[in-house]
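1. What follows is a protein structure lacking sequence information:
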């Protein structure tokens, strides 16, 4: 059975595929037309492109189907990111030379400008409908061919036995934007595509010991977990007294398990406290509410310090956003509103959750009925501590220095603003992700302990800043010994011996500087020489983390681009009606898009099974979005009509069709006066 190829934008009759059956000869221009009643005939008579210059001319379409020596065609979709096989390179970045005729072309006949710069191979060849014959055909040009061309007012050109009919006034529409730089010119694409995993990320994965699958999904799982936490809700049966709305916040959900006793006070603040997650009604943002039970604000002068805390913004500090009093809980409560970091945990729960790390008998100098000599007690304590740490192990020194850098950075920022943290406690320091620290609960003590009778409330800040540095030393010592009991005064000597035997001198000197000589005025800036070049290691870790997140962002950008393209395609294809035209989706550009949709998603194998290949879908979507001049062969569902179009033409059809839908959607209603 002979197959005919109809080219959109031309109604001069079918042209046979070169090499299939008989070669292209000179049929009369009006000898054959599209089958009456077919969708293709409706398209050509009713909804064809209004601007023929947007499509490629005839010689491009037929030259793409021509045979070259040694060409092998494969009837399967290409690999992702590749092009259809062909003997010549047809990269869209290839510059167009200004030569008049390709090599080996006969001098007879006139050549269309769209043939220039295409070299010998033209554009990549799509999979053919049949395997073409490789026999060469005569190159003679019969007289009736020229007569038919003259009657149709088109030019004719023959090469390697193939006769081309073309309009010499048409030109190839540009698919690239040209940019010029000094020293030469480059071609910049007007499309976007994912460029693959950067080499530095690949090298980073090679250096890491974690499995590649875990590395790639770790960021996504962490972000999905944070989103899930943001959407959690409180059980009404477990919290029947929880108010539905507090000030401008709703959807309260406790973030901590309920205390054993309702009167259990916080060891840090001395009041009963509760932490909630809530949603701001005005902004829709998720915030963290820390409630101080039974506190009545008697003086509003402390709000000056609160305003100072609101201005604080640091990468290692949880910013205070709002402070207000409320009776929504049935009492006088003080509520502090902070930024919410879902998925974070406290330093205490991350590193000191093991009961052996909190056991008082671990460093008890007396074990038994009577006392023992000091040396024997010291050796026993060190053995007990080593035995206890054999299960958990000491923390890597690089991790401890990373914590020190972040804590000192936050303290330096707070002290530089004339404030004091006063909550540098393992239960008030948050860890987000792997090792990012966040100093929490800033400003609470400035409200709870404000003295309205003091003539200069800021005079005590210097004392509080010195207490921050002592608290920092205790935290570093506890992390170094991996035990919270190590910071007790009677155990400091044994703990320092453990630090000396397992860590560097700089870490020991830093702890000694912070915990000894209380009469000396200390500054966080004095710790910088002890940190030294370790700061550069922490900086390199942050930059590597940034590269990893940028890679995930690139992939997300590609997903968003694909989704927008599929949304446009789904909006146009198989639409019921538009502007009271029920046949709108079945005619014109929409019919081509419908066939392209079938080409991507509804292909079947030789035995009738569905052909499911995600790479095939992604590749064709990328080509459609880029609008490259590569050709694709589309076939109707009844297998009676075949369209050979380029992706640039399909992109133009999609943009025009979607533009019509968008114009109809944004148009003003015709009956505005009717209610």
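-> Arrived safely, thanks for sending. No experiment lies behind these values; they were computed from the predicted model shown.

2. so residue 395, which of the three states?
-> The three-state label given to residue 395 by DSSP: H, G, I helix; E, B strand; the rest coil is coil.

3. helix or strand for residue 660, which one?
-> helix 647-666 (DSSP states H and E).

4. And residue 253, by the same measure?
-> With DSSP H and E as the test, residue 253 turns up in strand 249-254.

5. cool, residue 325 as well?
-> With the criterion set as DSSP H and E, the secondary-structure element containing residue 325 is strand 320-326.

6. got the buried residues for that strand?
-> Going by neighbour count (16 or more other Cβ atoms under 10 Å), the buried part of strand 320-326 is 320, 321, 322, 323, 326. All C-beta spots, glycine's among them, are computed from the backbone N, C-alpha and C.

7. try stretch 576-586
-> In terms of neighbour count (16+ other Cβ under 10 Å), stretch 576-586 has its buried residues at 578, 584, 585, 586.

8. how about low-confidence regions in the stretch 251-400 of the chain?
-> Counting by pLDDT under 70, the stretch 251-400 of the chain has low-confidence residues at 355-392.

9. what about the residue nearest to residue 414 when sequence neighbours are not counted, neighbour count?
-> Spatial nearest neighbour of residue 414, chain neighbours left out: residue 421 (5.3 Å); criterion: Cβ to Cβ, 6 or more residues apart in numbering. Residue 421: 27 surrounding residues under other Cβ atoms under 10 Å.

10. Quick check: mean pLDDT of the helix holding residue 660?
-> In this model, helix 647-666 has an average pLDDT of 94.

11. list the helices and strands it packs on?
-> The helices and strands touching helix 647-666, judged by 3 or more Cβ pairs under 8 Å, 6 or more residues apart in numbering; DSSP states H and E, are helix 534-572, helix 589-601, helix 614-626.

12. which is the next helix or strand following the helix or strand containing residue 446?
-> Counting by DSSP H and E, the element that carries residue 446 is helix 444-448. From helix 444-448 onward toward the C-terminus, using DSSP H and E, the following helix or strand is helix 461-481.

13. Show me what that next one is packed up against.
-> The elements that helix 461-481 packs onto, with contact taken as 3+ Cβ pairs under 8 Å, 6+ apart, are helix 397-416, helix 492-502, helix 505-515.

14. so what's residue 528 up against?
-> When contacts are counted by Cβ atoms under 8 Å, 6 or more residues apart in numbering, residue 528 touches residue 408.

15. let's see 10 Å
-> Under the criterion of Cβ atoms under 10 Å, 6 or more residues apart in numbering, the contact list for residue 528 reads 405, 408, 412, 535.

16. and residue 287, that one's in a strand?
-> Yes: applying three-state DSSP, one finds residue 287 inside a strand.

17. beta partners of it?
-> Here residue 287 shows beta-bridge partners residue 278, residue 339, assigned using DSSP bridges.

18. wait, doesn't it sit right on residue 322?
-> Yes: with the criterion set as Cβ atoms under 10 Å, residue 287 and residue 322 qualify as a contacting pair; they are 8.2 Å apart.

19. what's the overlap in contacts for the two?
-> Both residue 287 and residue 322 are in contact with 248, 249, 280, 337, 338, where contact means Cβ under 10 Å, 6+ apart.

20. Can you convert those into CSV and add a column each for neighbour count and distance to residue 565?
-> Formatted as CSV, those follow (neighbours: other Cβ atoms under 10 Å; distance: Cβ to Cβ, whole Å):
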residue, neighbour count, distance to residue 565
248, 15, 40
249, 25, 40
280, 17, 35
337, 21, 41
338, 22, 41
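
21. Tell me the spacing between residue 641 and residue 633.
-> 11 Å (Cβ to Cβ, to the nearest Å).

22. between these two, which one's more packed in?
-> Neighbours of residue 641 and residue 633, each counted by other Cβ under 10 Å, are more numerous for residue 641; the result is 22 against 19.

23. Please verify my assumption that the more buried one contacts residue 635.
-> Yes: taking Cβ under 10 Å as the contact criterion, residue 641 and residue 635 are neighbours in contact, 7.2 Å apart.

24. so the residue nearest to residue 232 when sequence neighbours are not counted bridges to which residues?
-> For residue 232, the nearest residue in space outside its immediate sequence neighbours is residue 253; the separation is 5.5 Å by Cβ to Cβ, 6+ apart. Bridge pairing for residue 253 (DSSP bridges) gives the partners residue 277.

25. Hmm, residue 274 and residue 253 touching each other?
-> No: taking contact to mean Cβ under 10 Å, the distance of 11.2 Å between residue 253 and residue 274 leaves them out of contact.

26. Overlap in contacts, these two.
-> When contacts are counted by Cβ under 10 Å, 6+ apart, the set common to residue 253 and residue 274 consists of 242, 289.

27. pretty sure residue 661 is touching residue 571, no?
-> Yes: under the contact definition of Cβ under 10 Å, residue 661 touches residue 571, with a separation of 5.8 Å.

28. which residue packs closest to residue 625, ignoring adjacent ones?
-> In this structure, residue 625 finds its nearest non-sequential neighbour in residue 565, 5.4 Å apart by Cβ to Cβ, 6+ apart.

29. Touching, that neighbour and residue 624? I think so.
-> Yes: the pair residue 565 and residue 624 qualifies as a contact (Cβ under 10 Å) at a distance of 6.7 Å.

30. and for those two, which residues touch both?
-> Between them, residue 565 and residue 624 have 651, 654 as joint contacts when contacts are counted by Cβ under 10 Å, 6+ apart.

31. Pick out whichever of the two has more residues nearby.
-> Here residue 565 and residue 624 are set side by side on neighbour count (other Cβ under 10 Å), and the busier one is residue 624, at 23 against 16.

32. quick one: contacts for the more buried one?
-> Contacts for residue 624 (Cβ under 10 Å, 6+ apart) come out as 191, 565, 568-569, 593, 596, 600, 632, 647-648, 650-651, 653-654.

33. quick check, nearest of the residues you listed to residue 267?
-> For those, the minimum distance to residue 267 (Cβ to Cβ) is 56.8 Å, reached by residue 565.
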